[in-house]
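[1] Generate a structure from the sequence data that follows.
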Amino acid sequence: MRTVLSNDYLISDRGGVIENRHAVHAAIVDSTGRLLYSLGDPSRITLARSAAKPAQAVAILETGAFDRFDFDDADLALMCASHSSEERHIARARNILEKIGANEGNLQCGGHTSISNAVNRAWIKKDFTPTAVCSNCSGKHAGMIAATIALGADVDTYHLPTHPMQVRVKNTVNEICGLDEQGSTWGLDGCNLPAPAFPLLYLARMYASFAAAASGNHATTTRSPRTLAQSRVFKGMSQNSEYVAGEDRFCTILMRAFQGLLIGKIGADGCYGIGIQESEETTRLGGNGSIGIAIKIEDGNIDVLYSAVAEVLEQRQIGNPDMRQEVARFHSPEIRNTVGIVTGRLVPCFKLREI
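    Residues are numbered from 1 along each chain as shown. Predicted coordinates:
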């Protein structure tokens with residue numbers, strides 16, 4: 001990996017003293033895959049983690065599981081989610097399992113604390129121990145079990161890299177990113193499913209592809225099944241954003257604010273993908289068609305990630321000022337100590353470079 005340029009970072013200050021520098025990598029591409037803007041190393045090999053879920057959801061759709069089990073677009077949003085384990089999220093995951101004749105014991109993900117502090121406090125008061133259905137990835141796992149049943153494959157091993165479902169997922173991810181079989185490397189995610197890694201700019205290409213599918217420049221009869229599936233994922237996420245993340249979460253707030261123009265999805269350890277539908281704005285950015293944005297924070301800091309995403313939207317003037325204002329509190333947030341006194345803040349210092 002090349003040396004990061006000195007201004008490719010955000011800083012956290014304490015009393016005006018720079019305490020930390022957080023290196024930022026970013027790639028912005030258009031629907032042809034052309035790199036328009038970059039920051040840091042746009043070719044940094046990056047584990048997409050949960051930012052790959054929209055492509056994994058396409059693999060689920062293409063098995064025919066949605067028609068077989070009568071799933072709706074809110075179910076699809078949950079399959080793309082890193083949800084907060086709110087009651088609505090857990091109830092929908094359970095409903096998916098019920099529809100397919102499975103149960104929580106079939107989930108190959110473990111339980112964990114919620115991403116939401118409010119949910120965790122409620123669980124503590126109830127002395128509740130979260131189980132697998134409470135996992136922020138339970139929707140994805142339930143969807144993959146449904147797809148496995150649709151394929152007629154073994155349910156108990158749906159999570160293994162050599163399983164027919166995971167082979168389909170790998171092929172789908174590579175195809176959407178524009179990679180050959182040698183183009184991606186696969187690790188194991190925190191939820192016990194395979195996770196892809198590839199150069200960061202290919203994550204941007206993935207999201208540009210989803211946005212292009214949703215832009216709907218062609219009649220439905222002339223669009224391929226893959227394009228239709230990607231369009232459904234885009235619309236399912238953007239129209240049901242409360243299931244993609246949850247109350248007071250960045251992904252939900254972002255998609256609500258931009259009113260169907262874009263989708264955004266976090267991946268663990270500081271990774272983010274955004275797809276923006278073709279519009280006058282994408283043309284203004286110099287793009288041909290839709291736009292994809294991918295961001296990686298070198299040290300994995302999530303607060304820094306959200307700040308970087310907000311700064312990229314601001315620098316490129318994506319959306320109108322009212323839309324960007326909805327995520328403004330993430331842009332340069334104050335840092336407070338244990339008694340609520342402001343000790344510093346996050347400050348973006350980078351400038352995207354036009355290619």
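[2] My read is that C177 contacts G183, right?
    Yes. Using CB atoms under 8 Å, C177 is in contact with G183, at 7.3 Å. The way it works is simple: take the backbone N, C-alpha and C, and place the C-beta from them, glycine included.
[3] any residues in contact with both of those two?
    F198, Y202 (CB atoms under 8 Å, 6 or more residues apart in numbering).
[4] Looking at the two, which is more packed in?
    C177 (25 against 14; other CB atoms under 10 Å).
[5] what residues are up against the residue lying closest to the more buried one once chain neighbours are set aside?
    Closest residue in space to C177, ignoring its immediate chain neighbours: Y202 at 4.4 Å, by CB to CB, 6 or more residues apart in numbering. By CB under 8 Å, 6+ apart, the residues touching Y202 are C177, G178, L179, G183.
[6] tell me the two of those that are most distant?
    G178 and G183 (8.2 Å; CB to CB).
[7] what's the helix or strand for the residue nearest to C177?
    Using DSSP states H and E, Y202 falls within helix 200-215.
[8] Kindly export that helix (C-alpha atoms) in CSV.
    Taking Å, rounded to 0.1, in the frame of the first residue of the first chain, the C-alpha atoms of helix 200-215 are listed here in CSV:
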residue,chain,number,x,y,z
LEU,A,200,-11.7,-0.3,-2.6
LEU,A,201,-12.6,1.1,-6.0
TYR,A,202,-14.5,-2.1,-6.8
LEU,A,203,-16.8,-1.5,-3.8
ALA,A,204,-17.6,1.8,-5.4
ARG,A,205,-18.2,0.0,-8.7
MET,A,206,-20.6,-2.3,-6.8
TYR,A,207,-22.7,0.6,-5.5
ALA,A,208,-22.6,2.4,-8.9
SER,A,209,-24.0,-0.8,-10.4
PHE,A,210,-26.9,-0.9,-8.0
ALA,A,211,-27.7,2.8,-8.6
ALA,A,212,-27.5,2.3,-12.3
ALA,A,213,-30.0,-0.6,-12.1
ALA,A,214,-32.4,1.6,-10.1
SER,A,215,-32.1,4.6,-12.4
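[9] Just the ones in strands from the contacts of Y202, please.
    Using DSSP state E, no member of the contacts of Y202 falls within strands.
[10] end to end, how far does stretch 262-274 reach?
    End-to-end distance of stretch 262-274 (CA to CA, to the nearest Å): 7 Å.
[11] no, scratch that, I was asking about stretch 233-251
    Stretch 233-251: ends 15 Å apart by CA to CA.
[12] Return the set of buried residues in it.
    By 16 or more other CB atoms under 10 Å, the buried positions in stretch 233-251 come out as 233-246, 249-251.
[13] likewise stretch 158-168?
    Neighbour-count burial for stretch 158-168 [16+ other CB under 10 Å]: Y158, H159, H163, P164, M165, Q166, R168.
[14] Fine by me, we can end here.
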